[in-house]
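Trainee: Test case, fold it:
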Amino acid sequence: MDRTRLVGVAVPLGALRGSEGSAVGEFPDLERLALFCRETGIGLIQLLPVNDTGYESSPYFSLSSVALHPLYLRIADLDEAKGFKDKAALIHAEYAGQTRFPYLKILRAKMNLLREIYVACAEEIRKKAGSSGDLGKWIVGNPWVTEYAVYRRLKEANGERSWKRWERHSKIAPEEIRSLWDDPELRGEHLFWAWLQYVLDGQFGRAAKAVSDAGILLKGDLPIMMNDDSHDVWARPEIFVQNLNAGAPPDMYAREGQNWGFPLYDWDAQEADGFAWWKQRLAVAERYYGAYRIDHVLGFFRIWAIRPEDASAVLGRFLPYNHIGTAELTGLGFDKGRIRWVSRPHIPSGELDSALREEAAGEAEVREWAHKVRERALIRIGDEELWMFRDEIRGERDIMALDMGRAATAFLLRSWRDRMFFEYEKGKFSPTWYYRDSRAYRSLSDEERWKVDGLVTLHTAKSEKTWEAQGQKLLAVLAESSKMLPCAEDLGAVPACVPKVLAKLKILGLRVVRWNRRWELEGNPYVPFGEYPEPSVCTPAVHDSSTVRQWWEEEAEQERFSGFLGFPSLPRGYNPGTAKAVLSKAASAASRIRIFQIQDLLHLSGRWYDRDPGAERINVPGTCNDFNWTYRLPATLDEIAGDADLLKAIAELSRIPRAGKTADQPD
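Mentor: All right, here's what the predicted structure looks like:
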C-alpha cells in the first residue's frame with residue numbers, strides 16, 4: 001500500500017467558483033482545482049457525496065447509492081446543448097453574485113433546461129440509446145440505471161413524495177420494474193433519466209481523470225446509511241431492515257442522540273448474495289476516486305437502532321447486542337414487580353403537578369391539566385400516588401401527538417425516557433444510555449448498583465466480541481473489493497475493537513484535532529501531533545463542525561490550546577498568523593494524510609475572511625434551512641490562485657515534516 005504522506009483539501013463540489021459567471025460548482029471545475037492543488041503542493045482533494053439527492057440539499061440524503069447529481073452537470077458542455085448555451089449562461093448569471101448558492105432555484109432551473117434540451121434532441125438521443133449506440137451500451141453496462149430511471153419517473157409523477165406514499169408501485173418486484181422500463185409509452189421518460197446519468201458519468205469521469213493526471217488523489221465520500229426514500233430501498237427492500245431507524249447515541253453535542261431516519265441493513269440478506277449491492281457501489285465509485293471516506297464506520301460493527309415510535313435516539317440500542325434476559329434480572333434479586341420498576345417509567349403525582357405549574361395560570365389550571373394528562377396518557381398503580389404510561393402510549397411520537405402543551409409534553413417525554421432497562425422484546429432487555437441517571441437506578445442499594453453495573457459490563461464485553469467479528473467480516477468485503485484507499489470516519493463512542501480491526505485491514509482512521517484528546521486522563525489533554533497513528537487522517541475541522549477560525553474565536557480554550565501548540569501568546573482574534581500556527585502544527589502530525597477544509601486554508605491570507613465566522617460553515621447539525629450545504633468560495637479559483645501570499649503559505653504547509661523529524665529526514 002502507498003504510504004506517501006499527503007496534505008489534502010476538503011471542499012464541497014458546489015462551493016467551487018469556476019468563473020465569474022458561475023452560480024454553483026460543477027464537475028469540470030475539478031480540473032481547475034487540481035491545477036491549484038498541484039501549484040501549492042496539495043496532493044489530495046476530498047469531496048462530499050455527489051449522489052443525486054433530488055430537492056433535498058443534504059448530500060447525505062441520497063435518492064441513489066450510485067446515481068450522480070444533475071446539479072453538478074455543466075450543461076453548456078453537452079453536445080446536445082449547442083443551441084442552448086445562452087440559456088445555460090443565463091441560469092448562472094442570475095445567481096452568480098450570491099454569497100451562498102440557492103440550491104433549489106438553481107436545480108429547478110437546470111432541470112427545466114435539461115428537459116427542454118432532451119425534448120429538442122429526443123430523436124438523436126433515442127438513436128444513441130439503441131443497441132449499437134453509446135448510450136445504449138452504457139445502459140447495458142450500468143443495469144442499476146433502469147431501477148433508478150423508473151423510480152425517478154414515478155417519484156416525479158407522485159409530486160416528489162416518498163415512495164412509501166405512492167398509491168401505486170410502492171411495493172414492486174424486479175420483473176415489474178423491468179416491465180415498466182420496457183413499456184414503449186414510458187420509454188421517453190425513462191430514457192431522460194438514463195441519459196442524464198450517462199452525460200453526468202462522462203463529465204465526472206473526464207474531470208476525475210484530469211485530477212489524476214495532475215498527480216492528485218481524488219477522495220470520495222460513501223455514506224454508510226441509505227436514505228429511506230431512495231431507489232435502492234424501494235427496489236431492493238429485502239436487504240434493508242425498515243422497522244428500525246439508524247442513528248447515533250447521545251453525546252456531549254447531542255444529548256438526545258441523533259435519529260437519522262434511515263433503515264438498517266439486513267446483513268444476513270446481503271451476505272446471501274455476496275454483498276452485491278456494496279460491491280456495485282464500490283465499483284461505480286472507483287471510476288472516479290482513488291480513495292474514499294467510509295462515513296460512520298462504527299455502523300459496520302454495530303448500529304444505534306431506534307424504534308419508529310420514538311423521535312429522539314435516547315432509547316435506542318446497539319445492534320447486534322447480547323441482550324439481558326429476565327432470568328438474569330431475577331438472579332439479581334428482582335421479582336416481577338421490581339423488573340417492571342427498572343424497565344418502565346413510574347411517575348409520582350407531585351412531579352407532574354410541579355411540571356405543569358411552569359405553564360399554568362394557577363392551581364385550578366394545574367389540576368385541570370393534570371387530570372387531562374392522566375386521563376389520556378397515564379394509569380394509576382393501585383392506590384399509590386404513582387402512575388405509569390398507558391399501554392397505548394408506545395413511544396415519543398404518541399406523546400407528542402397528544403398535543404398537551406409545552407410543559408406537559410416536555411415532562412412526559414422526560415418521564416418516558418426515565419428507565420434503567422428497555423424491554424424491546426418480551427424477556428429481552430438492553431440498558432438505556434442514561435441508565436445510571438434513572439429513578440430506578442438511584443433507588444437501588446450500593447450492592448444492587450454494583451451488580452447491575454457488572455451485568456451491563458459483562459453483556460457489553462460479550463457484545464464487543466460480536467461487533468469485532470461483524471466489523472472484521474464486513475469491512476474486509478469493502479477492503480478486498482476495491483483498489484481505492486479506504487479511510488474511516490471513526491468518531492463517537494468507539495469500541496476498543498474498532499482501531500484493532502481498522503489496523504488489521506489497513507484502513508485509515510480519523511483524528512479531529514480538537515477532539516483527539518486523552519479523555520480518560522484528568523484534564524483531557526490533547527494528544528501530541530507526533531503521537532498520531534501513521535495510518536490515519538488528521539484534520540482540524542470537518543464539514544459538520546465550525547471552521548478553525550470560528551472554533552478559535554467562539555469555542556476553544558485558547559490559552560490551553562495555545563500552550564499545547566507551543567505558541568502561548570496567540571491573539572484572541574483569528575488572523576493569518578494564528579492560522580499558520582494552528583495549521584502548521586496539524587500538518588506536522590504523524591498521520592499519513594492531513595486534510596484541511598478549504599475555508600481554513602483560505603484563512604492563511606487576510607483577503608478571504610468573511611465578517612461573520614459562522615457564515616463560512618458548511619453545515620450546522622440539527623438544523624434544517626437554506627444555509628446548510630450551500631457554502632461558496634468567496635472568489636473564483638483564478639482569483640484565489642492570484643493570491644501569491646496564500647499560495648506561498650499553502651506550499652509551506654505541504655512541506656512541513658512529521659513532528660519529531662527534521663526537514664532533511666525522510667518520512
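Trainee: from here on, contacts and neighbour counts on C-alpha atoms
Mentor: Noted.
Trainee: So which residue is smack in the middle of this structure?
Mentor: Nearest to the geometric centre of the chain sits Y60, at 5.3 Å (Cα atoms, centre = their mean).
Trainee: So for that residue, what's the nearest residue that isn't a sequence neighbour?
Mentor: P223 (6.5 Å; Cα to Cα, 6 or more residues apart in numbering).
Trainee: How much space separates that neighbour from F300?
Mentor: Going from P223 to F300 by Cα to Cα, to the nearest Å gives 12 Å.
Trainee: A248 too?
Mentor: Distance from A248 to F300, by Cα to Cα: 13 Å.
Trainee: And the residue nearest to Y60, how far from T330?
Mentor: To T330, P223 is 42 Å away according to Cα to Cα.
Trainee: More neighbours: these two, which one.
Mentor: A direct count of neighbours by other Cα atoms under 10 Å for P223 and T330 places P223 higher, at 20 against 13.
Trainee: which residue ranges form the helices in the stretch 351-500 of the chain?
Mentor: 363-377, 396-401, 406-417, 439-442, 446-480, 497-504 (DSSP state H, counting those that start in this stretch).
Trainee: Can you list the neighbours in contact with the fourth one?
Mentor: If you take Cα atoms under 8 Å, 6 or more residues apart in numbering as the criterion, helix 439-442 is touched by 341-342, 418-420, 435-436, 449.
Trainee: could I get those residues as CSV with pLDDT, neighbour count and distance to G274?
Mentor: Output for the contacts of helix 439-442, formatted as CSV (pLDDT from 0 to 100; neighbours: other Cα atoms under 10 Å; distance: Cα to Cα, whole Å):
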residue, pLDDT, neighbour count, distance to G274
W341, 96, 20, 45
V342, 96, 25, 42
D418, 97, 27, 42
R419, 96, 27, 40
M420, 97, 27, 39
Y435, 97, 21, 39
R436, 97, 17, 42
R449, 97, 15, 45
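Trainee: Which one of those residues is nearest to A479?
Mentor: Nearest to A479 among the contacts of helix 439-442: Y435, at 37.1 Å, using Cα to Cα.
Trainee: For that closest one, list the residues it contacts.
Mentor: 418-421, 441.
Trainee: With V211 instead?
Mentor: V211 touches 30-31, 34, 217-218, counting by Cα under 8 Å, 6+ apart.
Trainee: average model confidence for the helix or strand hosting it?
Mentor: Taking DSSP states H and E as the criterion, V211 maps to helix 187-213. Mean pLDDT, computed over helix 187-213, is 98.
Trainee: Let me know the next secondary structure element after that helix.
Mentor: Tracing the chain C-terminally past helix 187-213 and defining elements by DSSP H and E, one meets strand 217-222 next.
Trainee: That next one pairs with which strands, and in what direction?
Mentor: strand 44-46 (parallel), strand 291-294 (parallel) (DSSP bridges).
Trainee: Can you pull out the residues in contact with it?
Mentor: In contact with strand 217-222 (Cα under 8 Å, 6+ apart) are residues 43-49, 208, 211-212, 285, 288-295.
Trainee: okay, and for the chain, where does confidence drop off?
Mentor: 1-2, 661-667 (pLDDT under 70).
Trainee: Let me see the ranges of the strands in the stretch 1-150 of the chain.
Mentor: Chain-ordered strands for the stretch 1-150 of the chain, with DSSP state E, counting those that start in this stretch as the definition, fall at 6-10, 44-46.
Trainee: Direction included, what does the longest one pair up with?
Mentor: Sheet pairing here is set by DSSP bridges, and for strand 6-10 it gives strand 44-46 (parallel), strand 593-597 (parallel).
Trainee: ok, residues contacting the longest one?
Mentor: So the one you mean is strand 593-597. If you take Cα under 8 Å, 6+ apart as the criterion, strand 593-597 is touched by 5-11, 536-543, 547, 586-587.
Trainee: same check, this time on stretch 448-468
Mentor: The contact list for stretch 448-468 (Cα under 8 Å, 6+ apart) reads 301-302, 320-324, 332, 431, 441, 495, 497-498, 501.
Trainee: Put together CSV for the strands paired with strand 217-222, with mean neighbour count on each row.
Mentor: Output for the strands paired with strand 217-222, formatted as CSV (neighbours: other Cα atoms under 10 Å):
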stretch, mean neighbour count
strand 44-46, 25
strand 291-294, 23
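Trainee: follow-up on the earlier one: in the helix holding V211, what's buried?
Mentor: Judged by neighbour count (16 or more other Cα atoms under 10 Å), helix 187-213 contains these buried residues: 188-201, 203-212.
Trainee: A248 and F300 - which one has more neighbours?
Mentor: Per other Cα under 10 Å, whichever of A248 and F300 has more neighbours is A248, with 25 against 20.
Trainee: Let me know whether that one touches A313 as I believe.
Mentor: Yes. Using Cα atoms under 8 Å, A248 is in contact with A313, at 7.0 Å.
Trainee: ok so, going back, out of the strands of the stretch 1-150 of the chain, which is closest to G566?
Mentor: With distances scored as Cα to Cα, the stretch of the strands of the stretch 1-150 of the chain nearest to G566 is strand 6-10 (21.9 Å).
Trainee: what's in contact with the closest one?
Mentor: For strand 6-10, contacts defined as Cα under 8 Å, 6+ apart pick out 41-48, 587, 592-598, 654.
Trainee: just stretch 156-171 next, same as before
Mentor: Outside stretch 156-171, the residues that touch it by Cα under 8 Å, 6+ apart are 155, 229, 234.
Trainee: can you tell me how far the last one sits from N628?
Mentor: Translated: W234. According to Cα to Cα, W234 and N628 sit 27 Å apart.
Trainee: Comparing these two, which residue is more hemmed in?
Mentor: Taking neighbours as other Cα under 10 Å, W234 and N628 compare with W234 leading, 23 against 18.
Trainee: In terms of helices and strands, where is the more buried one?
Mentor: Per DSSP H and E: helix 231-235 holds W234.
Trainee: tell me which strands and helices that helix is in contact with?
Mentor: Identification of packing neighbours for helix 231-235 by 3 or more Cα pairs under 8 Å, 6 or more residues apart in numbering; DSSP states H and E yields helix 144-157.
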